[in-house]
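Undergrad: Let's see this in three dimensions:
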Amino acid sequence: MSTSVDGKAGLAEELRRRRTALGWTLEQVAQQAQLSVGMLSLIETGKRRPSLRSWERIRQTLGISESLPEEAWRQQPREISDELVATLGACLAAIRAATLAELAEAVGVSISDVRLALRRLAEQLEPAGMQVLDDGSHVQLAPEQRFRSAVAHLVQPEQLPRITQEQAEVLAIVIMDGMASRRRIEEVRGAAQLSIGPDGPTSLPRDSSETLALLLSRGLLCAKRDYHAMGRPLVYRPTPRLLQLLGAETVEEVRGRMGMPVEYRAQAEPIPETEARAE
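TA: Now for the predicted structure:
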């Protein structure tokens, strides 16, 4: 099939059009092209440019005949120095994971520049069998999926820390929805019966604040503030570390193990990139 791919906007439009015509989901294309669902979504919406290697895998998967035009991969919105890329690589090699805000503060640049530098770092690390896992908030280095069986012979895999029944319930709800506010979590968990006064038991919602704080401190959940919702609540999502501990690459894979349809989607509005910390 012959296509015309002109720059980043045309590239994104062609990917969407071709995938829709084939009736494929983002997850199916990402699996065939050996990309994360998040990265493919960013490429398809025009927010990221694919590397040459990634584009070759994408176009082979979708049957797109034309190569990536030079302006789609050479053009950069701003200059990112080799020193910045190397500094971020050193930071991520020294620690288990970091937030975008922490990396930006450490190297003294904006979060948008950190994102651009991480993209270049990912391209440089790919031939060495490494990948940069970025969930939009937390970032960490990890071996590529195809090498994990070899890596497993050399290192003792980190075990999921012991968690309580309440923590397991909260994690299951967040994984089920993909992202969930505290109010949503407590609605799903239901009410606890407490005996108050002579009128007998009174139904009160289960308080999940302490449980959420513990899961945040363990790096199993991350939080962002939803500025579009009333009250600007914090919205919680699984971290790459949680997925790694569960032996999965995507939330969809974990849902499948939980017996949920892979195509399940929660009725939640996306939240902006601005980060927030739980108080």
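Undergrad: drop to CA atoms for contacts and neighbour counts, all remaining ones
TA: Noted.
Undergrad: I'd say residue 134 and residue 142 touch.
TA: No: between residue 134 and residue 142 there is no contact under CA atoms under 8 Å: 10.6 Å.
Undergrad: Looking at the two, which is more packed in?
TA: residue 134 (22 against 17; other CA atoms under 10 Å).
Undergrad: Report the contact partners of that one.
TA: 140, 240 (CA atoms under 8 Å, 6 or more residues apart in numbering).
Undergrad: Number the chain from 9, please
TA: All right, first residue 9 from here; so that's residue 142.
Undergrad: all helices of the stretch 59-208 of the chain, in order?
TA: For the stretch 59-208 of the chain, helices defined by DSSP state H, counting those that start in this stretch occupy the ranges 60-70, 78-82, 90-102, 108-115, 119-133, 156-160, 173-185, 190-197.
Undergrad: could you redo the ones you listed as a markdown table and give each row distance to residue 254?
TA: Converted to a markdown table, these look like this (distance: least, CA to CA, whole Å):
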| stretch | distance to residue 254 |
| --- | --- |
| helix 60-70 | 26 |
| helix 78-82 | 34 |
| helix 90-102 | 21 |
| helix 108-115 | 23 |
| helix 119-133 | 23 |
| helix 156-160 | 14 |
| helix 173-185 | 12 |
| helix 190-197 | 21 |
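Undergrad: which stretches of the stretch 9-158 of the chain have low pLDDT?
TA: Flagging of the stretch 9-158 of the chain using pLDDT under 70 yields the residue ranges 9-18, 73-86, 104, 143-145, 156.
Undergrad: again, 90 this time
TA: Filtered on pLDDT under 90, the stretch 9-158 of the chain yields the residue ranges 9-89, 100-110, 112-124, 127-128, 130-131, 133-158.
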